[in-house]
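1. Let's see this in three dimensions:
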Amino acid sequence: MNFRPFSLAALGLLTACQSQPPLDPSLDRLTQSHLGLMRQQADELAQALTRLDSSSRAHCAGEQPLASVQQQWRSAFTAWTAHQGQSGGPLDAAGLSYAFQLWPDKKDTTARQLTRQLEQPAPLKGASVTLGAVEYLLYEDLSQAQRCTLLPGVTEQLVHSGGQLQAAWRNPQGYEQQLEQMAVQGGERVLLVQILGQLAHRYDRIEKKLDLPLNTVDHPRPLFAEAWRSQQSLYFVRTSLKSLQREYQDGGIRTYLQQKNENTLINELDKAFADTLEHLPEGDSLAHWLQGDNYAALLRFKLSFDRLGSQLKLRLPDALGLSLGFNATDGD
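-> This next block holds a predicted model:
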């Protein structure tokens, strides 16, 4: 079941030219917790991209080894996983949906664009200015001279995109205003559907990270994993799950459930997250677990992950008297 959060464009039907009464305190707390976490994550991404840019320039000046830049890339991609799957918010509104990553990249567009750039330099754009492009430059068999022909320009553009996203989250006339209008004009249900929808949509993105490379036991597709070049796709599944857990715990929903005395549901969700993380196989490489008997461990993990999805997308909204929609996720 895939969900598309409440359309911000449609919100105008609820809000046009109407005076707004004060926001209900519990909904205001939910909104501020959600916004606070999202802004913090945007800050973390912007800071990680700045460190990556500094490290790439130091490497190209002969002041840092390649391994140092690779570590900064891993940190930046980790920060990005907290934003993957967001829909209907600043990432879309600022036109940044593909600014940080092109995935799935089934035709290896990133490699083809960068290969052309190395052969005949041209303005960097599209897949050549993403975190996937940095991965290619850091992990492919390139000389430092080749790598540094493009790397500083790519990381500089990522810093610019990170700053744009950071500013979009902090714009009081943007998503913050939309959430307030949802709460005032649409009430508790509309605001909850929006915030729960973000959780559901982010879950769907993680599910896609698994399903594309898993495919079938006879025909797994390791090259469909999102970070197969660096062999860190499983690591980023782990960081995605942890950021999803963080969004549930610190983004207002868990506190809201406590206020509603939904203690049984809280315990079920806490257990579902813990069980999913416990059964995620060890290591960084997803390809390792797609081979032979190792595949069974991924299937065992998938059972726990599916139960978590049921809790987040069915049990949680049902307990709050809500129903999430059945719209397809982009690209699925």
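
2. how near is the residue nearest the centre of the chain to S323?
-> With distances taken as CA atoms, centre = their mean, the residue of the chain nearest its centroid is Q84 (1.7 Å). Distance, Q84 to S323, using CB to CB, to the nearest Å: 25 Å. (Glycine included, C-beta is placed from N, CA and C.)

3. again with S26
-> 21 Å.

4. And the two? Which one has more around it.
-> Using other CB atoms under 10 Å, the more surrounded residue of S26 and S323 is S26, with 15 against 11.

5. Quick one: neighbours of the residue lying closest to the more buried one once chain neighbours are set aside, just the number.
-> Leaving aside its sequence neighbours, S26 sits nearest to Q259 (CB to CB, 6 or more residues apart in numbering; 6.1 Å). Q259 has 11 neighbours, counted by other CB under 10 Å.

6. I'd assumed I195 was in contact with G89.
-> No - under the contact definition of CB atoms under 8 Å, G89 does not touch I195, with a separation of 10.5 Å.

7. hang on, the earlier thing: is the residue nearest to the centre of the chain in a helix, a strand, or coil?
-> At Q84 the chain is in coil, as set by DSSP: H, G, I helix; E, B strand; the rest coil.

8. isn't it right up against S240?
-> Yes - judged on CB under 8 Å, Q84 makes contact with S240 at a distance of 6.4 Å.

9. Pull up the overlap in contacts between these two.
-> Residues touching both Q84 and S240 (CB atoms under 8 Å, 6 or more residues apart in numbering): 202, 205-206.

10. Between those residues, which sits nearest E156?
-> Nearest to E156 out of the shared contacts of Q84 and S240 is R205 (CB to CB; 26.9 Å).

11. Where does the closest one fall, secondary structure wise?
-> R205 is part of helix 187-214, with elements assigned from DSSP states H and E.

12. How far off centre is that helix?
-> Its chain's C-alpha centre and that of helix 187-214 lie 10 Å apart, by CA atoms, centre = their mean, to the nearest Å.

13. cool, and stretch 41-53?
-> Relative to its chain's centre, stretch 41-53 lies at 14 Å (CA atoms, centre = their mean).

14. Can you show me the CA trace of that stretch as CSV?
-> What follows is stretch 41-53, C-alpha atoms only, in CSV (Å, rounded to 0.1, in the frame of the first residue of the first chain):
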residue,chain,number,x,y,z
GLN,A,41,17.5,17.1,9.6
ALA,A,42,17.8,19.7,6.8
ASP,A,43,20.5,21.5,8.9
GLU,A,44,22.4,18.2,9.3
LEU,A,45,22.3,17.5,5.6
ALA,A,46,23.5,21.0,4.8
GLN,A,47,26.4,20.7,7.3
ALA,A,48,27.4,17.2,6.1
LEU,A,49,27.5,18.5,2.5
THR,A,50,29.6,21.4,3.5
ARG,A,51,32.1,19.1,5.2
LEU,A,52,32.1,16.9,2.1
ASP,A,53,32.9,19.8,-0.1
